[in-house]
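S.K.: Give me a model of this one.
(one chain, ligands or ions: 1)
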Amino acid sequence: MQYVSTRGQAPALNFEQAMLTGLARDGGLYVPETIPTMSFDEIAALEGLPYEEVALRVIRPFIGDCFSEEELTGAIARAYGSFDHVARAPLVQLAPGHHLLELFRGPTLAFKDFAMQLIGQLFQIALARSGQRVTIVGATSGDTGSAAIEAFRGLSNVDVYILYPHGRVSEVQRRQMSTPADANVHALALDGHFDDCQARLKDLFNDHAFRDGVGLAGVNSINWARVLAQVVYYFSAAVSLGAPHRQVDFTVPTGNFGDIFAGFIAREMGLPIGRLVIATNQNDILHRALTTGEYRVGTVEPSISPSMDIQVSSNFERALFLAYGRDGAAVRQLMDELKAGGFTISQGALEQLRDSFVSGRVSEAETTQMIRTILEETGEVICPHTAVAVRIARENLRPGVPMVSLSTAHPAKFPDAVEAAVGIRPALPPHMADLFDRDERITQVANDAEAIKSLVLERRTS
Ligand SMILES: *Cc1c(COP(=O)(O)O)cnc(C)c1O
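M.R.: Just a heads-up that it's a prediction; the model follows:
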C-alpha cells in the first residue's frame with residue numbers, strides 16, 4: 001500500500017514513512033493510492049467482536065507489511081487498554097433512532113485519544129527499530145495537544161512541542177497540557193488563534209533544512225495514521241446498529257475535517273453509511289463552502305465549542321483531492337488561491353462533495369439550548385461540541401435509518417459552558433481529580449516561525 005500527496009509533487013511513501021512524516025514535502029497531505037474495501041460478509045463478521053479485533057481488521061489492509069500482525073495486535077491492545085469502558089466506544093441511546101457514540105473514554109477525555117494512543121504505540125515500534133529520534137510539533141485547538149502529550153510523554157527518543165492559542169482553550173485543556181512533568185513535553189502558548197498555530201506548524205515543515213535537522217514529525221490530523229485510527233469506530237458503531245444489513249447515518253461535530261473524513265473513508269471501504277453530516281459552530285467555513293461553493297476564510301470567532309474554532313480545515317484538502325479526481329495540480333492551484341483568502345470549488349467537484357456530505361451550522365444560543373434539552377429529555381450531560389452535532393442530527397433524522405451523533409469530548413473538559421447551560425458543573429474523573437492542584441509549565445511564543453524554530457533548537461542542545 002502506497003500513499004500519495006494531494007499536491008502531486010512529493011514521493012509516494014509506505015504507511016510507516018507517511019506516518020512518521022506527517023505533512024508531505026510539497027505541502028500536501030498523504031492519501032492512500034487506492035482505498036481497500038471490505039465485502040458485505042467481512043463487515044457482517046465484525047458483529048460482536050471486541051473493539052480491538054474490529055480495529056485490527058479495518059486497519060490492517062492500509063498498513064501493508066510495515067508492521068507485522070503481532071506488532072499491530074500488540075499496539076492496538078496497549079493503545080486501548082487505558083480506556084475506561086470495555087466497549088471503548090460505547091453507544092448510548094438518546095431517542096428512538098438517535099444514538100450518541102461516546103468517544104471520550106480515553107485518558108484525556110476526547111476522541112483524539114483513539115488515534116493518538118495508537119500512533120504513540122506505532123511510533124515507538126518504528127523508532128525502536130530504526131534508532132531514530134524525532135521532534136514532534138503539534139498545533140492544537142485544545143484536545144489534540146493533551147492527547148499527543150499523553151501518548152508521547154516520557155519517551156526517550158521523542159520530544160513533543162505543542163502550540164496552542166494563548167487564552168483560547170478551556171482551563172482544563174490548558175492544564176492537561178501544562179501539568180505533565182516529563183522533560184520531553186513542551187506546552188507553547190502562541191500569541192494568536194488556532195489557524196496561526198496550524199500555519200506556523202506548516203512553516204516549520206516547509207523549511208526542509210530545519211525539518212531534516214530536528215527529525216520533525218507531525219501528529220496533527222494531517223497525519224494519515226490519525227485519520228485511519230478513527231475509521232474503526234464508524235465500523236464498530238454501524239455494525240452494532242445493524243450494518244451491513246441496513247444503512248446508518250452519522251453526524252460529526254467538525255473543525256479540521258479529520259473525524260468526518262474518517263467516516264468518508266469508512267463509506268468508501270464499503271460500510272453502508274447513508275448521510276454523513278458535517279455540524280459546525282459559528283465558524284462555519286465548511287457549511288458555507290458546501291452551500292455556496294465558495295471556500296473563503298473568515299475571522300475566527302471564539303465559541304463555547306473551542307475545539308472547532310477553525311477557519312482553515314486541513315483535511316478538507318483530502319476531500320478536495322478526491323472530488324477533483326485525484327488531480328494534484330488542481331489542488332495545488334486551490335491551495336495557492338487559499339493563501340490569498342479563498343477559492344471557488346468547481347461545479348463538478350462541488351456536486352461530488354454535496355453527494356458525499358450534508359452540512360449545518362449551530363449558533364451559540366442553540367448549542368446552549370441543546371445541552372439543556374438533552375439533559376431534560378435523557379438525563380445525559382453532553383459537551384458543547386456534542387451538542388452542536390446533536391442539534392444538526394435532529395434536523396437530519398430519517399425514518400428507519402439509525403442516526404449516530406459523535407460525542408467527541410467529556411463534558412468535564414468544558415465545565416464553564418456546561419454549567420452556564422444547565423447549572424451543573426461536571427466532575428473530572430478520578431485520575432484527573434487533582435488537575436487544578438498540579439504545577440503548570442508554559443512557555444509563551446510569538447506568532448513567528450523563526451521564534452519557534454530557535455526555541456526548539458535551543459532546547460534540543462541544552
Ligand atoms: C478535535 C475536536 C473536534 C473536531 O474534530 P475534527 O477532526 O478537527 O473535525 C470536535 N470536537 C472535539 C471535542 C474535538 O476535540
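S.K.: Spell out which parts of the chain neighbour the ligand.
M.R.: With C-beta under 6 Å from any ligand atom as the criterion, the chain meets the ligand at residues 110, 112, 143, 221, 253-259, 307-308, 385, 408-409. From N, CA and C alone the C-beta is placed, and that goes for glycine too.
S.K.: Which pair in the residues you listed has the greatest spatial separation?
M.R.: Greatest spacing in the residues of the chain next to the ligand, by C-beta to C-beta: 257 and 409 (17.1 Å).
S.K.: picking that back up, which members of the residues of the chain next to the ligand are positioned in strands?
M.R.: Those of the residues of the chain next to the ligand mapping onto strands are residue 253, per DSSP state E.
S.K.: What is the lowest-pLDDT residue among the residues of the chain next to the ligand?
M.R.: Between the residues of the chain next to the ligand, the one the model trusts least by pLDDT is residue 221, at 83.
S.K.: surely it meets residue 256?
M.R.: Yes: taking C-beta atoms under 8 Å as the definition, residue 221 is a contact partner of residue 256 at 5.4 Å.
S.K.: Can you pull out the low-pLDDT segments for the stretch 101-250 of the chain?
M.R.: Of all residues in the stretch 101-250 of the chain, none has pLDDT under 70.
S.K.: just the strands in it please.
M.R.: Counting by DSSP state E, counting those that start in this stretch, one finds strands in the stretch 101-250 of the chain at the ranges 134-139, 158-165, 185-190, 216-217, 248-253.
S.K.: What helices and strands are in contact with the shortest one?
M.R.: Which is strand 216-217. strand 134-139 (3 or more C-beta pairs under 8 Å, 6 or more residues apart in numbering; DSSP states H and E).
S.K.: Output the contacting helices and strands for the strand it packs on.
M.R.: Checking 3+ C-beta pairs under 8 Å, 6+ apart, strand 134-139 ends up next to helix 143-152, strand 158-165, helix 194-206, strand 216-217, helix 449-461.
S.K.: Of the ones you listed, flag the one that's most buried.
M.R.: Greatest average neighbour count among the helices and strands packed on strand 134-139 goes to helix 143-152 (a mean of 28), per mean count of other C-beta atoms under 10 Å.
S.K.: if we look at that helix, which residues are touching it?
M.R.: Helix 143-152 has contacts (C-beta atoms under 8 Å, 6 or more residues apart in numbering) with 106-108, 110-113, 115-117, 119-120, 123, 136, 138, 140, 158, 160, 162, 164, 169, 173, 176-177, 180, 184-185, 187, 219-221, 307, 408-409, 413.
S.K.: if you set the cut-off to 7 Å instead, what comes out?
M.R.: 107-108, 110, 112-113, 116-117, 119-120, 136, 138, 158, 160, 162, 164, 173, 176-177, 180, 185, 219-220, 307, 409 (C-beta atoms under 7 Å, 6 or more residues apart in numbering).
S.K.: how about the CA coordinates for stretch 74-92, as PDB?
M.R.: Provided in PDB are the C-alpha atoms of stretch 74-92 (Å, rounded to 0.1, in the frame of the first residue of the first chain):
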ATOM      1  CA  GLY A  74       0.100  -5.500  20.500                       C
ATOM      2  CA  ALA A  75       0.000  -1.900  19.600                       C
ATOM      3  CA  ILE A  76      -3.800  -1.900  19.400                       C
ATOM      4  CA  ALA A  77      -4.100  -3.700  22.700                       C
ATOM      5  CA  ARG A  78      -1.800  -1.300  24.500                       C
ATOM      6  CA  ALA A  79      -3.500   1.700  22.900                       C
ATOM      7  CA  TYR A  80      -7.000   0.900  24.100                       C
ATOM      8  CA  GLY A  81      -6.100  -0.800  27.300                       C
ATOM      9  CA  SER A  82      -6.200   2.500  29.200                       C
ATOM     10  CA  PHE A  83      -9.800   3.300  28.200                       C
ATOM     11  CA  ASP A  84     -12.300   3.200  31.000                       C
ATOM     12  CA  HIS A  85     -15.000   1.400  29.100                       C
ATOM     13  CA  VAL A  86     -14.700  -2.200  27.800                       C
ATOM     14  CA  ALA A  87     -16.500  -1.300  24.600                       C
ATOM     15  CA  ARG A  88     -14.000   1.600  24.100                       C
ATOM     16  CA  ALA A  89     -16.600   3.500  22.000                       C
ATOM     17  CA  PRO A  90     -19.900   2.700  23.600                       C
ATOM     18  CA  LEU A  91     -23.300   3.700  22.100                       C
ATOM     19  CA  VAL A  92     -25.900   5.400  24.300                       C
END
